[in-house]
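Peer 1: Predicted model follows, preceded by the sequence.
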Amino acid sequence: MADIVRRMPWAGQEGTHNTALLMREWLVTNALGGYASGTLSGVVTRRYHGLLVAALPAPLGRVVMLSAMTEFIHLPGRDPVELEPMTQHTQASAQSHLTEFRLELGLPVWRYRIDDVVLEKRVLMPHQQNTVHVTYRVVDGPAPVGIALRPIVHFRPLETAVDQVCVAPRDYALTVREDCYVLQGGAFPPLTMKMLDARATFTVDGQPRKDVLFLLEQQRGYPAIGEHWSPGYFTLKLESGQQATLAASTDTPELIASLTPAQAHAAEIERRRHLLHIASPRAQSGMAAELVLAADQFIITPAGRVEEAARERAVGNEVRSVIAGYHWFTDWGRDTMISLEGLTLATGRLQEARAILRTFANYVRDGLIPNMFPEHGKTGLYHTADATLWFFHALHRYLQASRDRDTLRAILPKLKDIVEHHLRGTLFNIGIDPDDGLLRQGQEGYQLTWMDAKVDGWVVTPRRGKAVELNALWYNALRLLEGWLREEEGESAAQGICEHAERARRSFNQRFWCAEQGYLYDVVDGEQGNDAACRPNQLFAISLEHPILERERWQPVLDIVRKKLLTPVGLRSLSPDHPDYKSVYMGDLPTRDAAYHQGTVWGWLIGPYIDAWLKLHPQDAADVGRLLDGFEQHLGEAGMGTISEIFDAQQPHTPRGCIAQAWSVAEVLRCRVKCTEGGTAACGA
């Protein structure tokens, strides 16, 4: 199995700094929810960028600990050369010395040339440590190369605006403990910095970095000017072939020193190769292999919920969850359940799938699983009508792959409780209408479906009433539970569930078909009556394991979705002929949220479209698989090696939102495996 390498060659020109380097971003994660990330250029453009964003126990959550590093190269006979300008202000006049950026098994590598010196930089986070290694290696050079590294900090919670001063410069305190330099500030844990592999000196030289411009924060309508602090700088010299690593961490010095940089790198490479080895054979090369590595970034052991982890370990279980997207999402129930098949089953990670399902089963309250876990909280928020129904779907896919009846038996009482709560009604007016057996939901001020944009109390797409995908999911959940009860408890236990399912099916086909338009209503019995907006939600009436829509209506639905919603990078969330359609997602928060589900393309929706198409045309796997080709190009245009959350609805379908989204990666990976020759029997087809 060949190693997976994605290259982005770059030849800089004096006085310029390519926009592509400014707009493309890299990401390295630590399986705790923490990460390191930035632009390829080195310019910080988001509040979320940092060389070390540590995932810490609640109430801290994720914290930006090491924001950036300025790097100066000292060569005989010339002025010091800055490798990467940190700010937009210095970028314009800087000469780019970058000759190549590449991902080696998903890990970022920069190569620079300065005169006759060739230098490489790598960033790595040891698995499940709040530690980052930044390694510099002189690949070639005629004389010793001097390097000066100045760490830049702005201790603050991840989502805090960049103009907020959480620790004043005078409140940072630097101490030396053996060969470690420990920076303390406010209520945050200490940041330990240590130079490894080479002799270095540290010069205490506290300096502010004022007026740092965060370009994307400015474009998104947020405070965009911040102030940073540097306690001093490291200096060292490297001969050709030598390397040095700066380790920065919130972990203990003992843990930092437990592996040398070479050992940490070798261990991470071995771990990544193992991920490829255990994945589906159809996911061990090409784009699918890159997505196996991208999928790994989302599967985490939540660092913030210490008590939960202790309880689960006490009974022999592990806690696992899924980060919905980087940089700003936490773990969300809906995203986790939609993503589970692609992230864990297509990648051969069945034990982690089991842990994720059991983790969320433990959080069932009032017949619901959590919609999300807040950044600083220990308990979930339950304002969702669909995440719980996706839980049935995810469990079904897991059982298909694992045949794990023990997990089914352990969770089955929770599943029966969920259905009972829905039948009699639960939170947020989620419940079954006794008149027709359909699922309704809605409460003023809450957004309960996946189309959940809300800003300053404004719910953009409330969809209160009977939403099409919720009823497709409800029917699917009932049919799945019916089958499990029949297998585990006998026919009599399943009979009542069967009757509820059949009633829902009859009512759905009577009430949701919009004969005038030739497709399904998006909502019936809504606040304004029946809503005939053409949206992708109707696909779930076909794509799920148990389709609720009568078969003779499948093709008209697919035809209209293909005509109005399909793009090379997913599906539009609203037809362009609708008066509320928005073609571009940009601007301040209200403007963006007004477009979030009103035309904006969502990559993950390619999954249900392909599922629905192959149900009707099972012989078309190779042809429909070509719909994924647009994502292969996308792997090199925003978040390198991963897939964005959303895209503009019009060409060129500019990527927007999160640079790495779990369900985007999961659904494209799942469908790539499914549509590969001979793959239609895999991953729930």
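Peer 2: Perfect, I can see it now.
Peer 1: Do a quick rundown of the helices in the stretch 401-550 of the chain.
Peer 2: Taking DSSP state H, counting those that start in this stretch as the criterion, the stretch 401-550 of the chain contains helices spanning 405-424, 468-489, 491-511, 540-543.
Peer 1: Let me have those helices in a markdown table, adding mean neighbour count as columns.
Peer 2: Using the backbone N, CA and C atoms, a C-beta is placed for each residue, glycine as well. Output for those, formatted as a markdown table (neighbours: other Cβ atoms under 10 Å):
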| stretch | mean neighbour count |
| --- | --- |
| helix 405-424 | 17 |
| helix 468-489 | 23 |
| helix 491-511 | 17 |
| helix 540-543 | 26 |
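Peer 1: mind giving me TSV with these and columns for distance to G146 and mean pLDDT?
Peer 2: Below are the helices of the stretch 401-550 of the chain laid out as TSV (distance: least, Cβ to Cβ, whole Å; pLDDT from 0 to 100):
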stretch	distance to G146	mean pLDDT
helix 405-424	58	97
helix 468-489	60	98
helix 491-511	72	98
helix 540-543	60	98
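Peer 1: out of those, nearest to G286?
Peer 2: In terms of Cβ to Cβ, the element of those nearest to G286 is helix 540-543, at 25.0 Å.
Peer 1: Return the distance of the closest one from the chain's centre.
Peer 2: Distance of helix 540-543 from its chain centroid, counting by Cα atoms, centre = their mean, to the nearest Å, is 25 Å.
Peer 1: Could you tell me how far the nearest residue to G431 once chain neighbours are set aside is located from E527?
Peer 2: The spatial neighbour of G431 that comes closest, neighbours along the chain excluded (Cβ to Cβ, 6 or more residues apart in numbering), is G425 at 3.2 Å. Applying Cβ to Cβ, to the nearest Å, the value for G425 to E527 is 19 Å.
Peer 1: Which positions within stretch 115-133 qualify as buried?
Peer 2: Across stretch 115-133, burial judged by 16 or more other Cβ atoms under 10 Å covers 117-127, 129-133.
Peer 1: nearest to W484, of the residues you listed?
Peer 2: Using Cβ to Cβ, the buried residues of stretch 115-133 come closest to W484 at H127, 35.5 Å.
Peer 1: Grab the nearest non-local neighbour of that closest one.
Peer 2: Closest residue to H127 apart from its sequence neighbours, by Cβ to Cβ, 6+ apart: A31 at 5.7 Å.
Peer 1: How many neighbouring residues does that neighbour have?
Peer 2: Using other Cβ atoms under 10 Å, A31 is surrounded by 22 other residues.
Peer 1: H74 pairs with what?
Peer 2: When bridges are called by DSSP bridges, H74 pairs up with G146.
Peer 1: Let me see the contact set for it.
Peer 2: Contact partners of H74, counting by Cβ atoms under 8 Å, 6 or more residues apart in numbering, are 80-81, 145-148.
Peer 1: so who does the residue positioned nearest the centre of the chain touch?
Peer 2: With distances taken as Cα atoms, centre = their mean, G325 lies nearest the centre of the chain, 2.4 Å away. The neighbourhood of G325, defined by Cβ under 8 Å, 6+ apart, consists of 335, 645, 657-658, 660-662.
Peer 1: Kindly provide the distance from the nearest residue to K416 once chain neighbours are set aside to G437.
Peer 2: Spatially, and ignoring its direct neighbours in sequence, K416 is nearest to L481 (7.3 Å; Cβ to Cβ, 6+ apart). Separation of L481 from G437 (Cβ to Cβ): 15 Å.
Peer 1: can you check A346 too?
Peer 2: Counting by Cβ to Cβ, the gap from A346 to G437 is 35 Å.
Peer 1: between the two, who's got more neighbours?
Peer 2: Remark: of A346 and G437, A346 carries more neighbours, 29 against 22, as counted by other Cβ under 10 Å.
Peer 1: hang on, isn't the more buried one packed against S280?
Peer 2: Yes. A346 is in contact with S280 according to Cβ atoms under 8 Å; the separation is 5.4 Å.
Peer 1: In three-state terms, label the residue nearest to H127 for me.
Peer 2: coil (DSSP: H, G, I helix; E, B strand; the rest coil).
Peer 1: residue contacts, it?
Peer 2: When contacts are counted by Cβ under 8 Å, 6+ apart, A31 touches 127-128, 296, 299-301.
Peer 1: Quick check: of the buried residues of stretch 115-133, which lies closest to E318?
Peer 2: Closest to E318, out of all of the buried residues of stretch 115-133 and judged by Cβ to Cβ, is H127, at 14.4 Å.
Peer 1: That closest one and E268 touch, don't they?
Peer 2: Yes. Using Cβ under 8 Å, H127 is in contact with E268, at 6.5 Å.
Peer 1: hey, what's in contact with both of the two?
Peer 2: Joint contacts of H127 and E268 (Cβ under 8 Å, 6+ apart) do not exist.
Peer 1: ok, how many other residues are close to Q184?
Peer 2: Using other Cβ under 10 Å, Q184 is surrounded by 16 other residues.
Peer 1: Report the contact partners of it.
Peer 2: When contacts are counted by Cβ under 8 Å, 6+ apart, Q184 touches 172-175, 190-191.
Peer 1: and the gap between it and K582?
Peer 2: Q184 sits 47 Å away from K582, going by Cβ to Cβ.
Peer 1: And for I411?
Peer 2: Distance, I411 to K582, using Cβ to Cβ: 40 Å.
Peer 1: tell me the contacts of A595?
Peer 2: Per Cβ under 8 Å, 6+ apart, neighbours of A595: 582, 584-585.
Peer 1: Does T461 touch M451 like I think?
Peer 2: Yes. T461 is within contact range of M451, at 4.3 Å (criterion: Cβ under 8 Å).
Peer 1: contacting residues around the residue nearest to D335 when sequence neighbours are not counted?
Peer 2: Nearest residue to D335, sequence neighbours excluded (Cβ to Cβ, 6+ apart): A324, at 3.9 Å. By Cβ under 8 Å, 6+ apart, A324 lies in contact with 298, 330-332, 335-336, 339, 372, 661-663.
Peer 1: Quick check: the gap between the closest residue to P261 other than its chain neighbours and Q164.
Peer 2: Nearest residue to P261, sequence neighbours excluded (Cβ to Cβ, 6+ apart): T245, at 4.0 Å. Distance of T245 to Q164, given as Cβ to Cβ: 32 Å.
Peer 1: Who has more neighbours out of those two?
Peer 2: Taking neighbours as other Cβ under 10 Å, T245 and Q164 compare with T245 leading, 22 against 13.
Peer 1: Now do the SS call for that one.
Peer 2: strand.
Peer 1: State the pLDDT value of it.
Peer 2: Note for T245: predicted pLDDT of 97.
Peer 1: any idea how far it is from L40?
Peer 2: For T245 relative to L40 (Cβ to Cβ), the value is 21 Å.
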